[in-house]
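> A predicted structure for the sequence below; I have some questions about it.
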Amino acid sequence: MKVKCPTCDKDVVWTAKSAYRPFCSERCKLIDLGDWAAENHRIPDKAPIDSALSEEYLAELEQEFITQDNEFFKH
């Protein structure tokens, strides 16, 4: 079976001997890894952001951290 290298579109034979499959080479594999690290490849979040809920959640977290800090400095 042949597949296309995701980086350069070169044909790659899909066998156990193809060390970098689905990539054609280590170079293409590292280019792809770099793209993931730079967040050029992401799995999109399709859920809409509820800004009011987000602000409420952040306010609750902030209050929790303030309480923790106050407890820490009491002791």
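Ah, there it is.

> switch to C-alpha atoms for all contacts and neighbour counts from now on
OK.

> which secondary element of the chain has the worst mean pLDDT?
Within the chain, no helix or strand scores below helix 51-74, which has a mean of 82 by mean pLDDT, DSSP states H and E.

> Tell me the gap between that helix and the middle of its chain.
27 Å (Cα atoms, centre = their mean, to the nearest Å).

> same for that helix, what does it pack against?
The helices and strands touching helix 51-74, judged by 3 or more Cα pairs under 8 Å, 6 or more residues apart in numbering; DSSP states H and E, number zero.

> Extract the CA atoms of that helix and return them as CSV.
Below are the C-alpha coordinates for helix 51-74, written out as CSV (Å, rounded to 0.1, in the frame of the first residue of the first chain):
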residue,chain,number,x,y,z
SER,A,51,-17.8,34.8,27.9
ALA,A,52,-20.1,35.5,30.9
LEU,A,53,-19.5,32.0,32.2
SER,A,54,-15.7,32.3,31.6
GLU,A,55,-15.6,35.6,33.5
GLU,A,56,-17.6,34.1,36.4
TYR,A,57,-15.3,31.1,36.5
LEU,A,58,-12.2,33.3,36.5
ALA,A,59,-13.6,35.4,39.3
GLU,A,60,-14.3,32.3,41.4
LEU,A,61,-10.7,31.0,40.8
GLU,A,62,-9.3,34.4,41.7
GLN,A,63,-11.2,34.4,44.9
GLU,A,64,-10.1,30.9,45.8
PHE,A,65,-6.5,31.8,45.3
ILE,A,66,-6.9,34.9,47.4
THR,A,67,-8.4,32.8,50.2
GLN,A,68,-5.5,30.3,49.9
ASP,A,69,-3.0,33.1,50.1
ASN,A,70,-4.6,34.6,53.2
GLU,A,71,-4.7,31.2,54.9
PHE,A,72,-1.0,30.6,54.1
PHE,A,73,0.1,34.0,55.6
LYS,A,74,-2.0,33.4,58.8
